[in-house]
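[1] below are the sequence and a predicted model; questions follow.
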Amino acid sequence: VTVLTTLAAMPEPPRSRASVRGAVVWQVLRETLADLPAAGRTLTVLDVGGGSGGFAVPVAELGHTVTVVDPSPDSLAALARRAAEAGVTDRVAGRQGDVTGLFDVVAPHSCDAVLCHSVLEVVDDPAAAMQLVATAVRPGGVVSVLVASRTAAVLGRALTGRFTDARALLSDPSGRSGPQDPLVRRFTADELCDLLVAAGLRVGAVHGVRVFSDLLPGALLESDPSVVAELLALEAAAAALPVYRDLATQLHVVAHVD
Ligand SMILES: C[S@@+](CC[C@H](N)C(=O)[O-])C[C@H]1O[C@@H](n2cnc3c(N)ncnc32)[C@H](O)[C@@H]1O
């Protein structure tokens, strides 16, 4: 079991709910990229469905080159603005397209790392998408996958009195509350790991993202920056422990191409 110990050592002290959102993913991702055999040189990173660059731009700020493939022109425009503000325009390329057209943009087996964050919940065929993602990675490379957790969605609705939605999410094969649900599917940790293994990947670290944060009243986090720092330390300590991980809003897996 990996216990993240370094969230508290982030350069900027975390101050808000927003800073908690991606903290665990970002820390795992940063350590994973640093550990790649290719470390020390510029990594080639692909961000599938990378949107406006919430992860792509910080990865480029580490010195790596990142290609974002996303069907949304608005998101790609926001990506360009974000990359310019961060001074990494030369290391970030946005390409309009979707996961099925991945190899119009990159060659098979050419990437050191592929990010696929919050995308498997909306694509037509997650198994096919993951197969394409896996094929984009060179041997020794990694895939970083982030998905919405079915368990957290059930818990969240139950705790806010939406019991019918919670029960629907519990029993729906795709982890959906109904046709009005914006997501097409959600995953348990086992379902996600099975998907990755079926795509020929070796599952590495599995973390829960926001085990506690989304259950707290916002006012608590706005009150005092030290509260956020303490919460992040708690999130880091719990993220890899299966019993807590499985309650987290999102599940993050690092998978390897051997
Ligand atoms: C919730 S956003 C996540 C953005 C980014 N990955 C992140 O974590 O901040 C989902 C993104 O997936 C993109 N998307 C939707 N369908 C897609 C597909 N079939 N292939 C690739 N990207 C897709 C959307 O345009 C959107 O930018």
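    Received it, and whenever you're ready, just let me know what you need.

[2] got the residues of the protein near the ligand?
    With Cβ under 6 Å from any ligand atom as the criterion, the chain meets the ligand at residues 48-51, 54-55, 70-72, 75, 98-99, 117-119, 122-123. Yep, even glycine has a C-beta here, placed from its N, CA and C like the rest.

[3] please, which helix or strand holds Y244?
    For Y244, the host element (DSSP states H and E) is helix 242-245.

[4] which strands and helices sit next to that helix?
    Here helix 242-245 touches strand 202-209, going by 3 or more Cβ pairs under 8 Å, 6 or more residues apart in numbering; DSSP states H and E.

[5] give me the buried positions along the next helix or strand along the chain from the strand it packs on.
    Counting by DSSP H and E, the element after strand 202-209 in chain order, helix or strand, is helix 218-223. If you call a residue buried by 16 or more other Cβ atoms under 10 Å, then helix 218-223 has these buried ones: L221.

[6] drop anything exposed from the residues of the chain next to the ligand.
    Counted by 16+ other Cβ under 10 Å, those give 48-51, 54-55, 70, 75, 98-99, 117-119, 123 as buried.

[7] A83 is in contact with S52, correct?
    No: between S52 and A83 there is no contact under Cβ atoms under 8 Å: 9.8 Å.

[8] so between these two, which is more surrounded?
    Neighbour count, other Cβ atoms under 10 Å: between S52 and A83, A83 has more, with 24 against 20.

[9] in three-state terms, label the residue nearest to P58 when sequence neighbours are not counted for me.
    If the residues on either side of it in the chain are set aside, P58 comes closest to W26, at 6.8 Å by Cβ to Cβ, 6 or more residues apart in numbering. Assigned state for W26: helix (three-state reduction, DSSP: H, G, I helix; E, B strand; the rest coil).

[10] please apply the same query to A248.
    Quick answer, by three-state DSSP: A248 is coil.
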